[in-house]
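**Student:** 3D, please:
(chains A and B)
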Amino acid sequence: MQRSMIKSKPTYAPLVLDPGGVHHVLIGNGCGGEALIRLHRALGCPERSTEIHYARGTVPAENLGAAIAALGAEPAETYASVDHLLAELPGVLGRCAMGVRLYIAGPEEFLWSVTAIARDYGMSDAEIQRELCGPAARRVYCVHCKAITHDVRSTVAECAGCGITLFVRDHFSRRLAAYMGVKVDAEVPGEIPRPEALDP
Amino acid sequence: MMASATIPVLVAEVDPITPLVKRFALVPADGAPLPAFSAGSHVLVTMRRGEEVHRNPYSLIGPTGDRTRYEIAVLRVTRSRGGSAFLHDHAAIGTALGITPPMNLFPLSRQARKHVLIAGGIGITPFLAHLDELRGAGTSYELHYAARDLEHAAFADRLLVENPGKVVLYPSREGHRIDPAGLLAHQPLGTHVYVCGPGPMIDSVVAAARAAGWPPGHIHWERFTAPGPGRPFTAVLARSGRSVQVRGDASLLEALEAEGLEPPYLCRGGVCGACETAVLAGDVEHADHYLSDDVKAAHTRIMPCVSRARGDRLVLDI
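**Tutor:** Residues are numbered from 1 along each chain as shown, chains lettered A, B, ... in the order given. Here you go, the predicted structure:
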């Protein structure tokens, strides 16, 4: 499979300070907290204007809230869940002015949920960075029944909506924050390939 | 764009707007619909009178939906090479001109949630069409318009009436000046800034936006540059061996066109890159805003629409 040829497959990179920004907003979830801590040190606060927003992960090992608080950044908000953070995010962005840089770290779905809200506020890619952490787990959009299947970890998965077996492609929709899933045995029903690991 | 892509038009209206600015309405000579255009577009107007030929860019002031006529507003420039004086002194109802199809190097961003428009002097012209579109779309915007005084601020009355509460005028003779840093601070996310006016004004707005952390994609400008006069020189066309004499008052592009050649071009103002030509010998006096500093220092490329030879001779790879 020629995965690297799919242009829509997002690429991620470690967060780096963008010195062109005048205010830096760090947003993380779960394991993404480590990237925020690393970046915060690079930002050399308090010389730079920053704020941190961190949502705990779903397992205790993914709670870096204490380490984030220990940074002593002001303001630094910790949220009980991603949903809580996303609910507050429009207010955060609404208080921001042009000159902001957004740095997002966490699982893939989180990166794009935050990006979607930032885009609603007119932010462009030049103002947003995304760093991926965690296992290669994908949201998959079934092109047949339109349902989203969460936490898919291989190239073949059962659709949570209609039950058919999907082939998980590398085509990615930013709007849906999901990868394309198509019926894997449409041509020869029952002939299902062996699942393979996903590329992160 | 080739020099021959010209639409014959006739002047249908001449309307003094200020002591130095005239509005011209142009209609197609054959009555066929003019090309549709988007706000921010400009056309190159070719004016001939005997041996005298001028070709200048003018923004279309709109409205964008009108395909029966184009409107332009021309500032009479005292130190010009004659194009604006030609229009002011010799263009009357019925005068025949040629125009290129419209081209847009200064469009509005469709992703912007707010537009900050900054105009200096005749730089107001592209914004007239922009404002039509912005009012129609209901997007948030504000216009900051600097001019020497209200008498010379073309279209000021109309702008104030059509955009209540969104226009601020800055008459410099009364000591009012635009403060770019102040304007750009505290703008909400998703704001784009557009500036059109004298070069130093553009430079200061762009610098202020960058210093305030605005990403380049949110900063837009249009320069009304025209080639300045310079020393005469010889252009040797390497592929044919021809030599072209470039007079002091003609650009290299114009000199090539006068010889019957049709080099590609678009903006004729040194910003778009369409006329980029390789240089095989001779140093270039660069006057463009397109080539990188490295390329300029290497003297391997020239923008013939505005740049010239530094010495007596250039050898071009055409």
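**Student:** Not counting its neighbours along the chain, what's nearest the residue in the stretch 51-200 of chain B positioned nearest to chain A?
**Tutor:** Closest residue of the stretch 51-200 of chain B to chain A, Cβ to the nearest Cβ: residue B:190 (1.7 Å). Every residue, glycine included, has its C-beta placed from N, CA and C. Once flanking residues are discounted, residue B:190 sits nearest to residue A:122: 1.7 Å by Cβ to Cβ, 6 or more residues apart in numbering or on different chains.
**Student:** residues in chain B within reach of chain A, list them.
**Tutor:** Contact residues (Cβ under 8 Å from any Cβ of the partner chain) of chain B with chain A: B:111-114, B:184-191, B:210, B:212-218.
**Student:** Turn the buried ones among the residues you listed into a named PyMOL selection, would you?
**Tutor:** Remark: buried members of these, expressed as a PyMOL selection using 16 or more other Cβ atoms under 10 Å in any protein chain shown:
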select buried, chain B and resi 112+113+114+184+187+188+189+190+191+212+213+214+215+218
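**Student:** quick revisit: angles on the backbone of the residue of the stretch 51-200 of chain B closest to chain A, please.
**Tutor:** With angles defined as degrees, to the nearest 10, residue B:190 sits at phi 90, psi 10.
**Student:** ok, now which ones touch residue B:273?
**Tutor:** Counting by Cβ atoms under 8 Å, 6 or more residues apart in numbering or on different chains, residue B:273 makes contact with B:290, B:303.
**Student:** Ok, residue B:65 next?
**Tutor:** Contacts of residue B:65 (Cβ under 8 Å, 6+ apart): residue B:36.
**Student:** what helix or strand is residue A:117 on?
**Tutor:** Per DSSP states H and E: residue A:117 is located in helix A:108-120.
**Student:** Can you classify residue B:204 as helix, strand or coil?
**Tutor:** Here residue B:204 is helix, with the state taken from DSSP: H, G, I helix; E, B strand; the rest coil.
**Student:** any idea how far the closest residue to residue B:255 other than its chain neighbours is from chain A?
**Tutor:** Leaving aside its sequence neighbours, residue B:255 sits nearest to residue B:246 (Cβ to Cβ, 6+ apart; 4.1 Å). Using Cβ to the nearest Cβ, to the nearest Å, residue B:246 is found at 41 Å from chain A.
**Student:** one step back: from the residues of chain B next to chain A, which ones fall inside helices?
**Tutor:** Counted as lying in helices by DSSP state H, out of the residues of chain B next to chain A, are B:184, B:210.
**Student:** Name every strand pairing with the worst-scoring helix or strand of chain B on mean pLDDT and say which way it goes.
**Tutor:** Every helix and strand in chain B was compared by mean pLDDT, DSSP states H and E; the lowest is strand B:52-59, with a mean of 87. Taking DSSP bridges as the criterion, strand B:52-59 forms sheet pairs with strand B:41-49 (antiparallel).
**Student:** Any residues of chain A in contact with chain B? List them.
**Tutor:** A:20-23, A:93-94, A:96-101, A:118, A:121-124, A:126-127.
**Student:** let's see 7 Å
**Tutor:** Residues of chain A found near chain B (Cβ under 7 Å from any Cβ of the partner chain) are A:20-22, A:93, A:96-100, A:121-124, A:126-127.
**Student:** Top of these by number of neighbours, please.
**Tutor:** residue A:98 (27 neighbours; other Cβ atoms under 10 Å in any protein chain shown).
**Student:** can I assume that one is in contact with residue B:186?
**Tutor:** No: counting by Cβ atoms under 7 Å, residue A:98 does not reach residue B:186; the two are 8.3 Å apart.
**Student:** What is the burial count for residue B:173?
**Tutor:** Residues within reach of residue B:173, counting by other Cβ under 10 Å, total 11.
**Student:** cool, and the one 3 residues further on?
**Tutor:** As a burial measure, residue B:176 scores 14 neighbours (other Cβ under 10 Å).
**Student:** From what I see, it and residue B:150 are in contact.
**Tutor:** No: if you go by Cβ under 7 Å, residue B:176 and residue B:150 don't touch, sitting 10.5 Å apart.
**Student:** on that earlier part again, is the residue of the stretch 51-200 of chain B closest to chain A in contact with residue A:121, as I believe?
**Tutor:** Yes: taking Cβ under 7 Å as the definition, residue B:190 is a contact partner of residue A:121 at 5.4 Å.
**Student:** Nearest spatial neighbour of residue B:275, chain-adjacent residues omitted?
**Tutor:** Residue B:275 sits nearest to residue B:265 (Cβ to Cβ, 6+ apart), 4.5 Å away.
**Student:** where does the one you found fall, phi/psi-wise?
**Tutor:** phi -160, psi 170.
**Student:** And for residue B:119?
**Tutor:** According to degrees, to the nearest 10, residue B:119 has phi -120, psi 140.
**Student:** That one contacts residue B:193, doesn't it?
**Tutor:** No: if you go by Cβ under 7 Å, residue B:119 and residue B:193 don't touch, sitting 11.8 Å apart.
**Student:** May I see the buried residues of whichever strand or helix holds residue B:98?
**Tutor:** For residue B:98, the host element (DSSP H and E) is strand B:96-99. Within strand B:96-99, the residues scored as buried using 16+ other Cβ under 10 Å are B:97, B:98, B:99.
**Student:** show me the contacts for the first one.
**Tutor:** Contacts for residue B:97 (Cβ atoms under 7 Å, 6 or more residues apart in numbering or on different chains) come out as B:9, B:11, B:26, B:45, B:46, B:47.
**Student:** now for those, which pair is the farthest apart?
**Tutor:** Based on Cβ to Cβ, the longest span within these runs between B:11 and B:46 and measures 13.2 Å.
**Student:** Now do the worst-scoring helix or strand of chain A on mean pLDDT: which elements does it pack against?
**Tutor:** Least confident element among the helices and strands of chain A, by mean pLDDT, DSSP H and E: helix A:65-70 (a mean of 84). Packing partners of helix A:65-70 (3 or more Cβ pairs under 7 Å, 6 or more residues apart in numbering or on different chains; DSSP states H and E): helix A:32-43, strand A:49-55, strand A:76-79.
**Student:** Comparing these, which comes out most buried?
**Tutor:** Sort the helices and strands packed on helix A:65-70 by mean neighbour count, taking mean count of other Cβ atoms under 10 Å in any protein chain shown, and strand A:49-55 sits at the top with a mean of 23.
**Student:** which secondary structure elements does that strand contact?
**Tutor:** Partner elements for strand A:49-55 (3+ Cβ pairs under 7 Å, 6+ apart): strand A:23-29, helix A:32-43, helix A:65-70, strand A:76-79, helix A:82-94.
**Student:** which parts of the last one are buried?
**Tutor:** Right, helix A:82-94. Result for helix A:82-94 [16+ other Cβ under 10 Å]: buried residues A:82, A:85, A:86, A:89, A:92, A:93.
**Student:** thought residue B:199 was touching residue B:223?
**Tutor:** Yes: counting by Cβ under 7 Å, residue B:199 touches residue B:223, with 6.4 Å between them.
**Student:** neighbour count winner among these two?
**Tutor:** Legend: neighbour count by other Cβ under 10 Å for residue B:199 and residue B:223, higher for residue B:223 (20 against 13).
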